[in-house]
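# requesting a structural model of the entry that follows:
(one chain, ligands or ions: 1)
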Amino acid sequence: MKVFKFGGASVKDANAVKNVGAIINRYKDEKLVVVISAMGKTTNALEGIVNAAYEGKDYKSQLQKLNTYHTDIIQDLNLQLNIDYFIDLIITNAEANRSMTMPQYYDQIVCIGELISTTIVSTYLNANGIDNTGLDARDIIKTDNTWREGVVNWQQTETFVLNKIPEILKTKHVITQGFIGRTPDNYSTTLGREGSDYTGAILAYLLQSEGLFIWKDVPGVLNADPKIFSDTANIPELTYYEAIEMTYYGATVIHPKTIKPLQNKQIPLYVKSFIYPDLPGTVIHFDDAEIYYPPVLVVKKDQTLLSIRTTDFSFIAEKNLSHIYEILAKHNVKVNMIQTAALSCTISIDTNPYKDQILEDDLAKQYNVTKNENLQLLTIRHYTNEVIEKLTAGKEIILTQKSRNTIQILY
Ligand code: ASP
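Model (predicted):
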């Protein structure tokens, strides 16, 4: 069996949904588990709704827009389907849960985007001869209560996945949501933005799939983001190792957590174009292989640089570093780059309006903290001097770090 994952862009309107149907039809003799994201920019829209609703501000006009967006798609697909239930569910959660912390509140509402999209796609496919059963991913993906970043309980998830999916696959495809799960006490969780790829990997792993297919609006894994760079090339083949390195540094083509489960069972990951499904795309496989890679460019925007200095003139060595990392871990903050000096260390982290101030306050209890914001972090794997020169010309560089394969430049 194969696991397919379709992201928001691949179901953004009625034609896109029809195209998903056409792609699934190409594999009609196969057993498919199809993981689907919220439609288009729905998750962003839900984030807007969450922010307004949590503060008791008007969110109903935004919700109305989201409702219309989906009902238009339903109409264009000629379906007899009503999503009032989900809209009411958003309102109920928005009104009743304001005493929750923001991240928990967020998860209860944002997960509904995926529930709506899979309901529409599943109904469309069934109405058009592609028999499938819609499965609520929260009934199979079990997580702890790390809101917005649910940590998967693999054991429990395996039990539910194996109990439910193989049985359905005997006769039908499975349609389920990416990105969402559920805690033991029945709260919804999300797995981190763009987390649907990860759901695909979890299912591929537990079901011993012959491959995870991620369908995208690009021809495969490119050596740079075409939204940022004009001159990009498809990389036909990558090792798991290379793919993990790329995503670690911020390549957004695949969610960083996706590769590891696949690598553990040597399940290939195919990144393919839903626009040109005949193109070969990219295959990610093998632990080790002689592959030539072009320079791979990754830009991480919205970086905050924290300079952390000891106040008692003690060196930034093992003790202080482990203490700083303890604080970062407590706030679930990932360091994108670090440089240490005698009395200070500087770290680059993703700007996060939800927790930056709390983190800073925590660090400031023991250290002197200053910060620079609105920076970008450029990582080049397999760099050449020519590429470095071209990409840094005229930029005010704040930090650089270079190893044999990788250079990171903060500006
Ligand atoms: N809908 C979620 C997001 O936009 C998850 C995903 O698309 O992978 O982040």
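
# quick one: contacts of stretch 149-168?
With contacts defined as C-beta atoms under 8 Å, 6 or more residues apart in numbering, stretch 149-168 is touched by 33, 107, 133, 135, 139-144, 174, 181, 183, 189-192, 202-203, 206-207, 332. Every C-beta, even on glycine, is put in place using the N, C-alpha and C of the backbone.

# check those residues for burial and list the buried ones.
If you count burial by 16 or more other C-beta atoms under 10 Å, the buried members of the contacts of stretch 149-168 come out as 33, 107, 133, 135, 140-143, 174, 181, 183, 189-191, 202-203, 206-207.

# and the residue nearest the centre of the chain, how far from residue 268?
Centroid check for the chain by C-alpha atoms, centre = their mean gives residue 194 as the closest residue, at 2.2 Å. Distance check for residue 194 against residue 268: by C-beta to C-beta, to the nearest Å, it reads 21 Å.

# circling back to that earlier point, show me the contacts of stretch 149-168 that map onto strands.
Assignment to strands by DSSP state E places the following of those there: 33, 133, 135, 174, 181, 189, 190.

# okay if I get the residues you listed as JSON lines plus distance to residue 80 and pLDDT?
Output for the ones in strands among the contacts of stretch 149-168, formatted as JSON lines (distance: C-beta to C-beta, whole Å; pLDDT from 0 to 100):
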{"residue": "33", "distance to residue 80": "26", "pLDDT": "98"}
{"residue": "133", "distance to residue 80": "19", "pLDDT": "98"}
{"residue": "135", "distance to residue 80": "22", "pLDDT": "98"}
{"residue": "174", "distance to residue 80": "23", "pLDDT": "98"}
{"residue": "181", "distance to residue 80": "30", "pLDDT": "98"}
{"residue": "189", "distance to residue 80": "32", "pLDDT": "98"}
{"residue": "190", "distance to residue 80": "30", "pLDDT": "98"}
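
# can I get these in TSV including distance to the ligand?
Output for these, formatted as TSV (distance: C-beta to the nearest ligand atom, whole Å):
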residue	distance to the ligand
33	16
133	21
135	17
174	18
181	12
189	13
190	7
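
# from those, which is closest to residue 124?
Nearest to residue 124 among the ones in strands among the contacts of stretch 149-168, counting by C-beta to C-beta, is residue 133 at 14.2 Å.

# what residues are up against the closest one?
Shown in contact with residue 133 (C-beta under 8 Å, 6+ apart): 122, 168, 172, 173, 174, 175.

# what does the stretch 51-200 of the chain put close to the ligand?
113, 178, 179, 193, 194, 195, 196 (C-beta under 6 Å from any ligand atom).

# which among those count as buried?
113, 178, 179, 194, 195, 196.

# so the second one makes contact with residue 141?
No - Residue 178 is not in contact with residue 141 according to C-beta atoms under 8 Å; the separation is 9.4 Å.

# identify the contacts common to those two.
Joint contacts of residue 178 and residue 141 (C-beta under 8 Å, 6+ apart) are residue 199.

# pLDDT score for the closest residue to the ligand within the stretch 101-250 of the chain?
Residue of the stretch 101-250 of the chain nearest the ligand, by C-beta to the nearest ligand atom: residue 196 (3.2 Å). For residue 196, the pLDDT comes out at 98.

# let me see the backbone angles for it.
phi -60, psi -30 (degrees, to the nearest 10).

# mind listing which of the residues of the stretch 51-200 of the chain next to the ligand are in helices?
Among those, DSSP state H puts 113, 196 in helices.

# between the residues of the stretch 51-200 of the chain next to the ligand, which is nearest residue 357?
Using C-beta to C-beta, residue 193 comes nearest to residue 357 of those, at 20.5 Å.

# isn't that closest one right up against residue 43?
Yes - between residue 193 and residue 43 there is a contact at 7.1 Å, judged by C-beta under 8 Å.

# just give the nearest non-adjacent residue to residue 398, would you?
residue 410 (4.8 Å; C-beta to C-beta, 6 or more residues apart in numbering).

# repeat for residue 138
residue 182 (3.8 Å).

# please enumerate the helices of the protein.
14-26, 42-54, 60-76, 84-96, 102-110, 112-127, 154-169, 196-206, 240-248, 259-264, 318-330, 356-364, 385-392.

# quick one: which of those helices has the weakest pLDDT on average?
helix 240-248 (a mean of 91).

# that one and the ligand, are they touching?
No - applying C-beta under 6 Å from any ligand atom, one finds helix 240-248 separated from the ligand by no less than 13.5 Å.

# tell me what angle that helix forms with helix 196-206.
Helix 240-248 runs at 150 degrees relative to helix 196-206, counting by axes from the mean of the first three to the mean of the last three C-alpha atoms, to 10 degrees.

# which strands or helices does helix 240-248 pack on?
helix 259-264, strand 367-381 (3 or more C-beta pairs under 8 Å, 6 or more residues apart in numbering; DSSP states H and E).
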